[in-house]
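Give me a 3D structure for the following:
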Amino acid sequence: MTQVKELLDKFSNGLRNHDHQAMADCYHSNATFKDIAFDLPNKKMIHAMWHFIAESDIRLLSFDVDQVNSNSGTANWSAEYTFRDTGRRVHNNTRSSFEFKDGLIVKQVDAANPWNWCLQALGPVKGRIAWLIPAIRRRKAMGKLKSFIRSHPQYE
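Numbering: from 1, shown residues only. Alright, predicted model coming up:
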């Protein structure tokens, strides 16, 4: 259990320090990731996403491991950042569920309140549309990530 706790400390410190490589090192080669914007099938795309995020003004406010064992765990965390498309500030509270394999994250599912996120990031009109039609939100997010990947060939 100590090894997994240390892994999650490394992960949260990577986010706190904008160190995408440290975060990527926490994932198993067969890792998957899902949240309100992304459904990523492999470690390379997960690394690209964290690299994209690490280049923002994200500020990790808290990261509290709720429960953990050698196979799974959960953490509650909070971060603030500027949503690049609108310049609006977002305060996001997230609950991460992790599955571990070989001492690394093999599956991560992040749950946040999409209604709150949409209103903060997009404003009252566009936010309602993005909340009502999650496919639009996911398609736009994946488009941004794919554009980032094209400009960073190490992820292709």
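
which residues are in contact with the lengthiest helix in the chain?
Criterion DSSP state H: the longest helix present in the chain is helix 134-150. By C-beta atoms under 8 Å, 6 or more residues apart in numbering, the residues outside helix 134-150 that reach it are 36-39, 45, 48-49, 51-52, 114, 118, 129-131, 155-156. Bear in mind the C-beta positions are built from the backbone N, C-alpha and C, glycine included.

Please spell out the ChimeraX selection for the buried subset of the residues you listed.
ChimeraX command restricting the contacts of helix 134-150 to the buried ones, with burial defined by 16 or more other C-beta atoms under 10 Å:
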select :36,37,45,48,49,51,52,114,118,130,131,155
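
from the contacts of helix 134-150, which is closest to residue 90?
Lowest distance from residue 90 to these (C-beta to C-beta) belongs to residue 118, with 9.8 Å.

Show me the beta-bridge partners of the closest residue in space to residue 40 that isn't next to it in sequence.
With sequence-adjacent residues excluded and distances taken as C-beta to C-beta, 6 or more residues apart in numbering, residue 40 is closest to residue 33, at 4.3 Å. With DSSP bridges as the criterion, residue 33 is bridged to residue 40, residue 108.

what's the neighbour count on residue 33?
Counted with other C-beta atoms under 10 Å, residues neighbouring residue 33 total 22.

who's in contact with it?
39, 40, 45, 46, 49, 107, 108, 109, 110.

do you know how far it is from residue 88?
Applying C-beta to C-beta, to the nearest Å, the value for residue 33 to residue 88 is 24 Å.

any idea of the mean pLDDT in the longest helix of the chain?
For helix 134-150, mean pLDDT rounds to 92.

Equivalent analysis for stretch 25-44, please.
Rounded mean pLDDT across stretch 25-44 is 97.
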